[in-house]
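**Student:** quick check, what structure comes out for this input:
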Amino acid sequence: MTDDSPPVLSAPASLFTNAPASVSLYEVGPRDGLQNEVTVLPVAQKIEMIEGLVDAGIRRIEMTSFVNPRWIPALADHMAVATGVRRRDGVSYSALVPNMRGLDSASRAGVEEVAVFMAASQTHNRKNINKSTEEALATYGEVTREALARGMRIRGYVSCVYGCPYEGSVPIAQVLAVGGALLEMGVYELSLGDTIGVGTPLQVEHVMRSLLSSGIGLEQLAVHFHDTRGTALANITVALQYGVRTIDSAIGGLGGCPYAPGASGNVATEDVVYMLHGMGVETGVDLDQLVRISARLTGLLARELPSKYLKAHLGHCARLGRVP
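**Tutor:** Down below sits the predicted model:
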């Protein structure tokens with residue numbers, strides 16, 4: 001435990017009564033984080049990062065994306081990364097796939113879990129994956145059938161749940177329609193994405209209540225917040241009150257928002273861990289090891305990472321004359 005670890009307090013009976021005793025962190029830094037970075041890390045450093053995260057206690061990690069390198073040059077090395085990472089027992093290693101070609105590549109790389117992604121917004125689907133919502137669902141229907149036939153687990157991302165950069169607010173009916181269709185295909189978990197970081201706690205309450213009321217099981221839901229406007233941790237606390245047990249995050253707050261240049265992207269894993277540990281919620285993650293990875297990434301990427309905990313930790317070390 002570091003000197004700046006949070007004090008663990010007992011919550012009043014009226015607060016956080018539904019928060020789970022433990023939470024599973026789904027680390028997206030190697031994929032959703034690095035794909036937006038200007039500096040492209042070499043394969044060896046990506047593998048070192050992934051294995052370091054596993055050493056720190058992360059048990060679910062998205063390694064890369066099997067997308068055409070023309071669209072995401074930073075992840076053109078997906079095959080080398082996916083085949084180079086040493087697999088550990090009890091750890092789920094996944095990769096994003098957009099189509100059958102991506103699925104075939106992931107399968108050859110020995111990936112046992114894949115993720116598919118689409119938006120609740122029609123315009124975002126057309127701009128981002130060049131398909132209408134209906135066309136995207138047809139494509140993923142084919143991908144999921146084949147993935148299940150190969151014995152793979154499938155996770156589904158629903159982006160723009162809280163707002164779209166093109167359409168503005170997104171009706172909850174569209175979130176329910178897309179999420180329900182993915183679940184019917186055999187997706188085991190829906191990750192609800194605040195793609196542009198516009199969500200607020202009241203919106204999260206509305207989304208969670210609507211999805212659970214529709215018959216979607218709590219165990220089928222995960223949350224994926226971007227911290228573009230500084231509301232990610234507040235939003236997570238609302239999701240915890242509903243009993244959500246899976247939280248997506250990225251080491252150091254890696255990534256960014258392509259629709260808000262210079263803004264923070266994914267909520268930082270160490271910020272989430274610090275908050276959860278302070279609330280008495282177990283994660284199985286060693287915060288000290290985690291922040292050492294972030295500190296190293298700061299040097300490798302030659303930029304300051306947005307993680308609040310990292311900045312506080314580095315300042316604490318500087319005051320004491322310690323090496324981070």
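**Student:** next, the contact list for the closest residue to Val267 other than its chain neighbours, please.
**Tutor:** Nearest non-adjacent residue to Val267, counting by Cβ to Cβ, 6 or more residues apart in numbering: Ala232, 3.8 Å away. Using the backbone N, CA and C atoms, a C-beta is placed for each residue, glycine as well. Ala232 makes contact with Asp194, Gly197, Phe225, His226, Val267, Asp271 under the criterion Cβ atoms under 8 Å, 6 or more residues apart in numbering.
**Student:** cool, Ser159 as well?
**Tutor:** For Ser159, the contact set (Cβ under 8 Å, 6+ apart) comprises Phe117, Met118, Ala119, Ala120, Ser121, His124, Asn128, Gly193, Thr195.
**Student:** re the thing from before, of the contacts of Ala232, closest to Ile72?
**Tutor:** For the contacts of Ala232, the minimum distance to Ile72 (Cβ to Cβ) is 17.5 Å, reached by His226.
**Student:** that older thread, which one (most neighbours) among the contacts of Ala232?
**Tutor:** Counting neighbours by other Cβ atoms under 10 Å, Val267 comes out on top of these with 31 neighbours.
**Student:** I figured that one hits Ala250, correct?
**Tutor:** Yes - with contact defined as Cβ atoms under 8 Å, Val267 and Ala250 form a contacting pair (7.3 Å).
**Student:** can you pull out the low-pLDDT segments for this structure?
**Tutor:** Low-confidence segments of the chain, defined by pLDDT under 70: 1-5, 8-14, 257-263.
**Student:** now do the strands in it.
**Tutor:** With DSSP state E, the ranges of strands along the chain come out as 24-27, 60-65, 92-96, 113-119, 153-159, 189-194, 221-225, 246-249.
**Student:** for stretch 177-197, measure first residue to last.
**Tutor:** End-to-end distance for stretch 177-197: 22 Å, by Cα to Cα, to the nearest Å.
**Student:** one more: stretch 33-48?
**Tutor:** Stretch 33-48 has an end-to-end distance of 15 Å (Cα to Cα).
**Student:** how about that stretch: buried residues?
**Tutor:** By neighbour count on 16 or more other Cβ atoms under 10 Å, the buried set for stretch 33-48 is Gly33, Leu34, Gln35, Asn36, Glu37, Leu41, Lys46, Ile47, Glu48.
**Student:** distance check, the closest residue in space to Leu254 that isn't next to it in sequence against Ser214.
**Tutor:** Among residues not flanking Leu254 along the chain, Gly33 sits closest, at 2.7 Å (Cβ to Cβ, 6+ apart). Distance, Gly33 to Ser214, using Cβ to Cβ, to the nearest Å: 31 Å.
**Student:** quick check, nearest of the contacts of Ala232 to Val244?
**Tutor:** Within the contacts of Ala232, distances to Val244 taken as Cβ to Cβ reach their minimum at Phe225, with 11.2 Å.
**Student:** pretty sure the closest one contacts Pro201?
**Tutor:** No - contact criterion Cβ under 8 Å: Phe225 and Pro201 do not qualify, at 10.9 Å.
**Student:** good, wrapping up.
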